[in-house]
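>>> Here you go, sequence then predicted model.
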Amino acid sequence: MLKKKFRSLDKTYTADIILKKPDKYRNIEILTSNVENLITMGSGKSYVAASFKKDNLSLELSKFDRIINFNKQEKTILVEAGIKLHHLLYFTLKHKLWIPQIPGYPSITLGGAIAANVHGKSSATHGSLRNQIKSIRIFHKTHGWLDLSESENKEIFELTIGGFGLTGTIVNVALKLIDMKSYDFITTIEKVNSAKDTIKKLDLNDLENIFCYSWNKTNNSKKFGEGLIFRNKINENSTSTLLKKMEYGENKIHQYFPINLWNKYTISFFQNIYFKYYNFYKKKIFYDNFENVMFPYAGKETYFHMFGKKGFFESQILVPLPKVDIFLNELEYNFKKLEPDITLFSIKKIMDKDLLLRFSGEGICFTFDFTNNKKNINFLNKLDEICIKHHLKPSLIKDSRLNSSTVQKCYKEYDIFKETLLNFDNKRIYKSELSERIGL
Amino acid sequence: MSYLILGASSGLGRDLAYTFAKNLHNLTLISRDDRDLAPIKSDLENKFQIKVNIYKVDASSKDEVSSFLKNKETIFNDLDGVLFPIGMMSNNDCISKIGENADIINNANYLSIVRFIEKIMPIFERKNNGIIVGFGSVASSLGRKTNVLYSASKRALNSYFESLISTSNDKNIKTQFYILGYLDTSLASDKDLIFPKASTKELALRVYNNINKDSIIKYHPNWWRIICYTISIIPFYIIKKMIRFIK
């Protein structure tokens, strides 16, 4: 069988895999029946290797991207899981409906988004994607076709959402849509002096601004976290009726420059330019279009390319509200001590039900990107220790270093997830590098 | 306008359906997989507000095709064009193993198309208007060790379409035939081929852009014409020697 070299988005894991792209339902059945282990691949753009593993079959579902049923009155849509989120939005927005839980990159598939239970930037207002899911249809090698919902196979339904594709191939999904009054946004920018100042200004009760997140600088330990808060609210007075077709390049994000171009000088240079542009040049309140607000990473793939062949690490940590101060103190202490190269630091709120291995709960989400070197790995290991000590949640779908010991200690329902999964599939057919690394 | 596509559930057939739908043509889609046809129908109707009819017919079965053509005669009356992006291969398609697959391969790749055209041609002749598009394969340019009947049936189809062009020459019936090289379909996804695979989306667009042209025979991609022509002028005994040498 022809193998293909595939790498995770953070480029820290590369493997030869068997990649198949079924285009018929019976092909899913046939291809699944021929192997012992497999995993489903959405668009293959996860930071970690969640959709592949060395010598394993990955079923890529890009051909399953059709709208099976759409009911405008009931605001529901039944779609195949291979549909890319920007295609889904392009269709629903024409009917003034949408789902707001959208990650920052547009060509993620719906199936992938469910397997990771994404929350997007509006998690404080809308929670995670779980809140929009009515039902899911999966195909499992031993269980065959299964319909999952609150009323049917509920246990597997919950296990599948944020279940990293380990319960089978998500084939189609029924979603509850939300009204969208306009395609345009009003963006407000506020300067913050530090990470602590950011927390203070991220108003937990702000429901008007559906998206609220910060961008913080990391090039100055004396003003750690100085930066900007971006708030986006829907411009209900907009008269714009035309929605521009959203088209994005397919595989640019996986490319890289031959060497890593991020170091303390380039980080400082770009962070200062970015900060000055928004703080001094750009208006504090301005009209913004849908694409800019929803997909801030689109068109900025060079940021990822600059990490070079060795790639990078992204760490995302969910800190419960009572522990935010103590986390920030320890973060700042270790930042000053170990001086890691952090290319991105962002903060947002998350308000969602905590369940199983989902990156959810109520608290503040801290995101960091690091170049892949020893100094930064030491810092990340320190972050792991902080997470374990204070029972904070590191994101499994973002950080490709996390091991099973750390995950077990940080996710209180780890054992429940593992046991339920094993009861459902005692042969553990659906496997990825991620699932093996975290001991599932 | 309204078109029928036989073999519409995947590969080139599916891309043709989307290309024609985007240009707001109503469609009749036929495939043996109704599980795949139903989502295509709803997707096309939702996205493009066109009318799509779907029928489950296994083109490799003579009985199913005959029964469909007999019972659904009326659906052909409103058609402006028919496209046959259909093809079937078998792992057993070699001289000593083919067995019962011979009829299946022959039906799917050749005879079912002949039967459809037999039914549709009188309607197009009556209207003095119609478009027929067939798809051959470069595999038909040379005998081979595997896919023996596939290449033979595609060669028969090639000859049949030449006859069709001759027959409809003096009428307003456009007959188009594309001889296809390797295509990027799920069938070829794990095959390490010496020539690049062409995109089915681009081919579908080419077919659509050519749809109103007079009768044509074209290679896709175009450079396959040179390869096939070269093969056709080299004496067979030299080709035999070349194959032996390569082995």
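Thanks, I have it.
>>> Buried residues, stretch A:11-19. List them.
Going by neighbour count (16 or more other C-beta atoms under 10 Å in any protein chain shown), the buried part of stretch A:11-19 is A:11-13, A:15, A:17-19. Heads up, the C-betas are built off the backbone N, CA and C, glycines and all.
>>> With pLDDT added, can I get those in TSV?
Formatted as TSV, these follow (pLDDT from 0 to 100):
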residue	pLDDT
A:11	93
A:12	94
A:13	95
A:15	96
A:17	95
A:18	93
A:19	91
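>>> Restrict the residues you listed to those that also contact chain B, please.
Under the cut-off given by C-beta under 8 Å from any C-beta of the partner chain, chain B has A:18-19 from the buried residues of stretch A:11-19 close to it.
>>> from the buried residues of stretch A:11-19, which single one is nearest residue A:390?
Taking C-beta to C-beta as the measure, residue A:12 is the one of those closest to residue A:390, at 25.7 Å.
>>> wait, isn't the closest one in contact with residue A:311?
Yes: contact criterion C-beta atoms under 8 Å: residue A:12 and residue A:311 qualify, at 4.9 Å.
>>> Could you tell me which residues touch both of those two?
By C-beta atoms under 8 Å, 6 or more residues apart in numbering or on different chains, residue A:12 and residue A:311 have these common neighbours: residue A:372.
>>> What's the local residue count around the residue of the stretch 1-150 of chain A at minimum distance from chain B?
Using C-beta to the nearest C-beta, residue A:66 is the residue of the stretch 1-150 of chain A that sits closest to chain B, at 3.7 Å. Residue neighbour count, defined by other C-beta atoms under 10 Å in any protein chain shown, stands at 22 for residue A:66.
>>> With residue A:222 instead?
If we define neighbours as other C-beta under 10 Å, then residue A:222 has 7 of them.
>>> what's the answer for the one 10 residues further on, then?
Taking other C-beta under 10 Å as the neighbour definition, residue A:232 ends up with a count of 20.
>>> Show the pLDDT at it.
On the pLDDT scale, residue A:232 is placed at 89.
>>> Identify the residue spatially nearest to it, adjacent ones excluded.
residue A:211 (4.0 Å; C-beta to C-beta, 6 or more residues apart in numbering or on different chains).
>>> Was I right to think the one you found contacts residue A:293?
Yes: counting by C-beta under 8 Å, residue A:211 does reach residue A:293; the two are 6.5 Å apart.
>>> so what's in contact with the two at the same time?
The contact sets of residue A:211 and residue A:293 overlap at A:185, A:232 (C-beta under 8 Å, 6+ apart).
>>> ok, the residue of the stretch 101-250 of chain A found nearest chain B - contacts?
Among all residues of the stretch 101-250 of chain A, residue A:172 sits closest to chain B, at 8.3 Å; criterion: C-beta to the nearest C-beta. For residue A:172, the residues meeting the contact criterion (C-beta under 8 Å, 6+ apart) are A:64, A:68, A:78-81, A:136-137.
>>> Which other helices and strands does the lowest-mean-pLDDT helix or strand in chain A contact?
Of all regular secondary-structure elements in chain A, judged by mean pLDDT, DSSP states H and E, the least confident is helix A:123-126 with a mean of 80. Secondary-structure packing of helix A:123-126 (3 or more C-beta pairs under 8 Å, 6 or more residues apart in numbering or on different chains; DSSP states H and E): strand A:342-351.
>>> switch the cut-off to 10 Å
Packed against helix A:123-126 by the contact rule (3 or more C-beta pairs under 10 Å, 6 or more residues apart in numbering or on different chains; DSSP states H and E) you find strand A:211-216, strand A:342-351, strand A:362-371.
>>> Let me have those strands in CSV, extended by mean neighbour count and mean pLDDT.
Shown next, in CSV, are the helices and strands packed on helix A:123-126 (neighbours: other C-beta atoms under 10 Å in any protein chain shown; pLDDT from 0 to 100):
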stretch, mean neighbour count, mean pLDDT
strand A:211-216, 24, 91
strand A:342-351, 21, 93
strand A:362-371, 23, 94
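>>> The ones you listed into TSV, with extra columns for distance to residue B:5?
Written out in TSV, the entries for those read as follows (distance: least, C-beta to C-beta, whole Å):
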stretch	distance to residue B:5
strand A:211-216	43
strand A:342-351	47
strand A:362-371	47
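>>> related to what we said a few turns ago, where strands are concerned, which of the buried residues of stretch A:11-19 count?
Cross-referencing the buried residues of stretch A:11-19 against strands under DSSP state E gives A:15, A:17-19.
>>> list the contacts for residue A:194?
Contact criterion C-beta atoms under 10 Å, 6 or more residues apart in numbering or on different chains gives A:200, A:216-217, A:222-227, A:328, A:332 as the residues in contact with residue A:194.
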